[in-house]
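Visitor: This is the structure alone, sequence omitted:
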């Protein structure tokens, strides 16, 4: 068998070998040879309507499966349009391989048509990036890119391929090994530290598990459940970690942080041992870091050594893959002598009583109205239809917070949102990626009226591929979260936040050939959502909700976690 | 106080940019930077002197160690190390001061690399503080022109270099996080570069 082939064909073969079944992209001048090679290749290319959305869709695919998401764009504007998606996946540690075309090698640096310094521009928004100089090095680079993207702390890797490299003929030989001497992946965790962690956990009177996106990335859901059950500990999952422990598990408290629950934040503030798993002590979780978890000894497990001590100095650091570390920690905990296990049982029971009292005192509960649709009511209805099983993709803002508070996720990789970067326009394209990845799943794109209007072009993609995504627009007529902050912190001087025009959903969806509807009465909601879910194809449901609802509880920026504001009208100062 | 960072990195395009990017992204200004090949032509040794807030120094080193092209980044600020800087000084030397300048140069172990009726070009190698003094002294003789190399530093401790062993590409599949190197311990080799 002759293995002489073009660089373009070689790239496709490498993608196949990495297990890529579909990828998202948009063609252009310099990627012509690549798209020509696709013409008679079985790998599936999904044509989106904007390169940014190609990256978001690849993220949706990666977040729904744990596999590497792949996107592709042409040189110049195609590559620069990917940037937001690359930074987004960098912030949330999502494995992405982005392929960009580059102008012919001879023209690089000559300000050629559609030339941009993609390699330079993307240096700071990727985990690593490559420029291919020669077709002979292409396979090695592609496999290295997939390895870097998916191993250790996952992240985006970009490969910039000049047009002549796509065109050049070369011998394709499968790559035997990847040698990156400077790329350190720490997986096992230090045995002595793990033993000490077990000791600290048995010594704890008020233990608390703070689990994040690392649990999802590592596939450590079973280990997290086991850990919480062995010692019977409360667990909070961050915005990135929702689904890490099933929402219906009795040990699951809720989400902590700026819009987390009272119980979750009080637990964070009052625990004596905090087991932080795959988290980065993000400012949206900790509030004022100097006042965060003041009584806690912190055990911090993370695969990235740079996360250890970045925001909070841990009492016990463990660098390793949280799945591997928990497997070993759980074994040690399970085999502990009975006197160890019994030591603080009574105190831990009292702690649970306290945590349940907090949950009872201020539960995260939906709000209803007879006249208008409350946004929380909308989320509660989506939750009812999902039953903890549907994939929910969201943008950023109020709807994202209400969805995170009120929709249950009983499995990992169901809740897909732009956590770290907070990119508007993420929900709809990521739902496209998620639906391609999981055709068996009910996929909701729960978006705001602002973010939806950033991603309207992708309605064409949804229509073209007949994706049964249920787009639910929580339409309050405002950039809700910005409006909330203007109300609370800028004397309600509402500046440039009212979105006065919103297209007629029925006509808009109809223009793309699928069904849409606008509702504004509370009694219509349940039926309209059910009809959307029953519809075999895509559906656009525009839900007019009350405009001036604010997300509570809320920890104002820069405040301590226990300075939570529970709700309007009179901010209730929370006793410590 | 200035931080002295020594790096061993792959001699590849963009590697320098990645390292300096860690600093510029945090708003730090690089005081000096030197880079050259090691005995192994595939690797470079870099010394950076930079003013980093003391509480963030460890974080900066960790971020550099995360870079794929960086084999090792170490903080030599408080470690046993030698640090040397090279300076070239052009000093105007009329007849009446020539002897005095040469005497001073001798004190600082500076070498004359060029001599003309106009003056001298001198070369001195020493730790950076000593060279500051040398430059001060030369300035007392009138206008001078100075070019400095920036610090090159070397650790005086034998540091183990942790390198990641190769991983097989063949039996990896997309998304299989477990299929990393079977033996997870990085290879330890003594540093020869």
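Guide: Everything's here; your move. No experiment lies behind these values; they were computed from the predicted model shown.
Visitor: Look at the closest residue in space to residue A:70 that isn't next to it in sequence and report its pLDDT.
Guide: Leaving aside its sequence neighbours, residue A:70 sits nearest to residue A:23 (C-beta to C-beta, 6 or more residues apart in numbering or on different chains; 3.7 Å). From N, CA and C alone the C-beta is placed, and that goes for glycine too. Confidence at residue A:23, expressed as pLDDT, is 98.
Visitor: where does residue A:126 land on pLDDT?
Guide: You'll see residue A:126 listed with a pLDDT of 98.
Visitor: give the contact list for it.
Guide: Neighbour list for residue A:126: A:86, A:90, A:98, A:155, A:156, A:157, A:158 [criterion: C-beta atoms under 8 Å, 6 or more residues apart in numbering or on different chains].
Visitor: List the contacts of the fifth one.
Guide: The one in question is residue A:156. Contacts here follow C-beta under 8 Å, 6+ apart; on that basis residue A:156 touches A:85-86, A:89-90, A:94-98, A:125-127, A:149.
Visitor: OK, now which residue of the stretch 451-576 of chain A is nearest to chain B?
Guide: Closest contact between the stretch 451-576 of chain A and chain B, by C-beta to the nearest C-beta, is at residue A:558 (19.2 Å).
Visitor: nope, chain A is what I was after
Guide: Closest point on chain A to chain B, by C-beta to the nearest C-beta, is residue A:19, at 3.1 Å.
Visitor: where does chain B have low pLDDT?
Guide: Counting by pLDDT under 70, chain B contains low-confidence ranges at B:170-193.
Visitor: Helices along that one, start to end?
Guide: Applying DSSP state H to chain B gives helices spanning B:15-24, B:57-66, B:95-107, B:128-139.
Visitor: could you dump the ones you listed to JSON lines with distance to chain A?
Guide: Listed next are these as JSON lines, based on distance: least, C-beta to the nearest C-beta, whole Å:
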{"stretch": "helix B:15-24", "distance to chain A": "5"}
{"stretch": "helix B:57-66", "distance to chain A": "4"}
{"stretch": "helix B:95-107", "distance to chain A": "42"}
{"stretch": "helix B:128-139", "distance to chain A": "28"}
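Visitor: quick revisit: what residues does the residue nearest to residue A:70 make contact with?
Guide: Shown in contact with residue A:23 (C-beta under 8 Å, 6+ apart): A:15, A:43, A:44, A:45, A:46, A:58, A:69, A:70, A:71, A:72.
Visitor: The helix or strand that contains the fourth one: which residues count as buried?
Guide: According to DSSP states H and E, residue A:45 maps onto strand A:44-47. With burial defined by 16 or more other C-beta atoms under 10 Å in any protein chain shown, the residues of strand A:44-47 counted as buried are A:45, A:46.
Visitor: still on that earlier bit, and which of the contacts of residue A:23 is nearest residue A:521?
Guide: residue A:46 (37.2 Å; C-beta to C-beta).
Visitor: Give me the neighbour count for residue 138.
Guide: Using chain A. Close neighbours of residue A:138, defined as other C-beta atoms under 10 Å in any protein chain shown, add up to 25.
Visitor: I was after chain B.
Guide: Using other C-beta under 10 Å, residue B:138 is surrounded by 25 other residues.
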